[in-house]
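Chemist: The sequence and its predicted three-dimensional model are supplied below.
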Amino acid sequence: MLAKILVVDDEQHMLKLFEKILTKQGHDVRTSASGTEAVGLLENNDFDLIFSDLVMPDLDGMDLLKKVKAGYSDIPFIVITAYGSIESAVEAMKTGAFDYLTKPFRKDDILLAVGKALKYCELCNEVKRLRKKLKDKDGIKKIIGKSKAVQNVLKLVARVADSQATVLIQGESGTGKELIARLIHNLSRRRDMPFIAVDCGVFPEHLLQSELFGHVKGAFTGAVQDKKGLFIAADRGTLFLDEIGTISQAMQLNLLRVLQEKEVRPVGSVTNIKGDVRVVAATSVDLEQAMLDGRFRRDLYYRLAVVTVDLPPLRERRSDITALAFHFMRKYAAIYDRKLTDITPEAMHAIMENPWTGNVRELENVMERAVLLSAGQLIDETSLPLPVRQGMSHKTRGLESFKNASKTAGRNAERKAILKTLEGTGGNKTKAARILGISRSSLYNKICEFGIGKS
C-alpha cells in the first residue's frame, strides 16, 4: 500500500532523511519545518500518515497532535522524540498518537512504523466498508413493502443516493417522504454528517428565512444574538425541505440563489457564508400545476427536480398493507409491552378494505390504537376505529350477513330436531341423546341453550 505521508520536523537533515527513505519505497512525501505550516498542509491535502517531532519552536508536536485528533482523527500520527524523552512519547500515546520513534533510529525502524500504520489504515477502511454495506442493507430493509411500486422507488434511490444531485420527492401526505429522504442520506457518502429536516409549511416567511439562513444580532426585534441557519448547520450533510410547495415567491428566489451560489447570507448580514449542503425537497402538492398557476418558480423547480422520486399512495400498493399492519403491530406491542401475536381475519378484512386516504401514516395510527385497545393476544375488529370497521365493502358485509343468516337457520333446525326426538321418547333424555348421536351432557346443554321446556 503506497501512501501520502507528511513529515514535520524543524531539522532539515531529518526531513531529507525521511523523504529519501520513503520516496524510494514509492510513497508520496510532503515535508514541513513547522507545526503551523503543517496545519495548512493538512487543510489542503489528504494524508494517510503523519510523522512529527515533538519539540518544535512555534507549534510543538503535542499541540499538532491535538489538532490532528480533533479534525483528522483517522490519520495515524507517529511522534519522533529523543531517547531521553520517553515520558513525552508516552504522554503523546495517551493523547492519541499511533506510535513513536526514538532518536537515533535506523531505516528499518521507519519502514516498520510505516508498515504498521498503513496496515492499521487498511483494517480501518475495511471496517468502514463493512459497516457501510450493513448500513445500506439495513436502510433498505426499513422500507416495508414488496410491491412493484415500492421496489421501483428503492431501485431509483439506490442509483441516485451517492450523487450530489438535488432530489424532489413527490407524494401524498403520509406516504413516507421523510423516510425516503433519510434513506437517500444514509446511502450517500454524507451519511456520517448531519441530516436536518425542516417543515417549510409551519413557519411564517420571516421566521423561515431566519431558520434556514440564520441572522445576525439586531437584525430584527428579538434577534439578541447571532444565529447559525440550518443550511450552515447541515454543512457537508443533507438538508431536507419538506412541503417546499408552501414557501412564498420571495423565499423561492432566496432559495434559488442559495442553490446556485452554494452560499447563504444571514438576515441582517452583508457577507455570505459558503456551505456544502445537499438539498432533498418534498411536496404533497402538484408543483407542475403550481408552476402553470404562477405560484411556483420554474427555475427553482428545475433546480430542485434534478431527480424526482414519486411515492405511490397506499391504495396503489394494497399488497403491502398486510406486511405494514403486522410491522406496526409488532412495533407498538414492543413499545407498550403488549403480548400480541396475530390479527383476526375479520380485523384484517376491515384493514384491507379501508381506503387509507391518510396513507401509511394513517395505518400506523390505527394500528397503534388497536394495540392499546386489544384485551388479549389478538387484534380483532373491535379494536379498530368505527370508520375502519364501517369501511368494509358491500360485498364483505353481504357475505357476513349471509353467514349470520345461515347460522340462524341452522340453530332453528337443530332446535326442532331436539324437540321432535324428545317428543318421540316421551321426554327420555338418555334415549333422545342416543338417537341424536350426542352425549347426555351435550343434550342438556342444548336444552338450556334453546330454552326447551321453559313455559
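Modeler: That came through, no problem. Numbers count the residues shown, from 1 in each chain.
Chemist: In a helix, residue 172, correct?
Modeler: No - note on residue 172: no helix contains this position according to DSSP: H, G, I helix; E, B strand; the rest coil, which reports coil.
Chemist: Now it: closest residue in space that isn't a chain neighbour?
Modeler: Residue nearest to residue 172 in three dimensions, not counting chain neighbours: residue 313, with 5.0 Å by Cβ to Cβ, 6 or more residues apart in numbering. All C-beta spots, glycine's among them, are computed from the backbone N, C-alpha and C.
Chemist: Please tell me how far the one you found sits from residue 197.
Modeler: Separation of residue 313 from residue 197 (Cβ to Cβ, to the nearest Å) stands at 22 Å.
Chemist: now swap in residue 259 and tell me
Modeler: 18 Å.
Chemist: Distance from the chain centre to the helix or strand harbouring residue 50, please.
Modeler: If you go by DSSP states H and E, residue 50 is part of strand 49-53. Between the mean C-alpha location of strand 49-53 and the chain-wide mean there is a distance of 38 Å, by Cα atoms, centre = their mean, to the nearest Å.
Chemist: so what does it touch, helix or strand wise?
Modeler: Taking 3 or more Cβ pairs under 8 Å, 6 or more residues apart in numbering; DSSP states H and E as contact, the helices and strands that strand 49-53 lies on are strand 4-8, helix 35-44, helix 61-71, strand 77-82, helix 107-141.
Chemist: That strand to strand 4-8, inter-axis angle?
Modeler: Orientation note: strand 49-53 sits at an angle of 10 degrees relative to strand 4-8 (axes from the mean of the first three to the mean of the last three Cα atoms, to 10 degrees).
Chemist: All the strands of the stretch 301-450 of the chain, residue numbers only.
Modeler: 307-310, 342-343, 378-379 (DSSP state E, counting those that start in this stretch).
Chemist: Show me the contact partners of the longest one.
Modeler: For strand 307-310, contacts defined as Cβ atoms under 8 Å, 6 or more residues apart in numbering pick out 153, 156-157, 160, 163, 165-171, 180.
Chemist: swap the cut-off to 7 Å and go again
Modeler: Where contact means Cβ atoms under 7 Å, 6 or more residues apart in numbering, the residues beyond strand 307-310 that reach it are 153, 156, 157, 160, 165, 167, 168, 169, 170, 171, 180.
Chemist: Determine which two of these are furthest apart.
Modeler: In the contacts of strand 307-310, the most distant members under the criterion Cβ to Cβ are 165 and 171, with 18.6 Å between them.
Chemist: the more surrounded of the two?
Modeler: The residue with more neighbours, out of residue 165 and residue 171, is residue 171; 19 against 13, by other Cβ atoms under 10 Å.
Chemist: Surely that one touches residue 180?
Modeler: No - counting by Cβ atoms under 7 Å, residue 171 does not reach residue 180; the two are 8.4 Å apart.
Chemist: Residue 177: what's it in contact with?
Modeler: Applying Cβ under 7 Å, 6+ apart, we find residue 177 in contact with 169, 171, 242, 282, 311.
Chemist: Next up, phi/psi of it, please.
Modeler: In this entry, residue 177 is assigned phi and psi values of phi -70, psi -40 (degrees, to the nearest 10).
Chemist: State the distance from it to residue 312.
Modeler: 12 Å.
Chemist: Now residue 193: closest residue in space, sequence neighbours ignored.
Modeler: With sequence-adjacent residues excluded and distances taken as Cβ to Cβ, 6+ apart, residue 193 is closest to residue 237, at 3.5 Å.
Chemist: Count the neighbours of the one you found for me.
Modeler: Number of residues near residue 237 (other Cβ under 10 Å) recorded here: 18.
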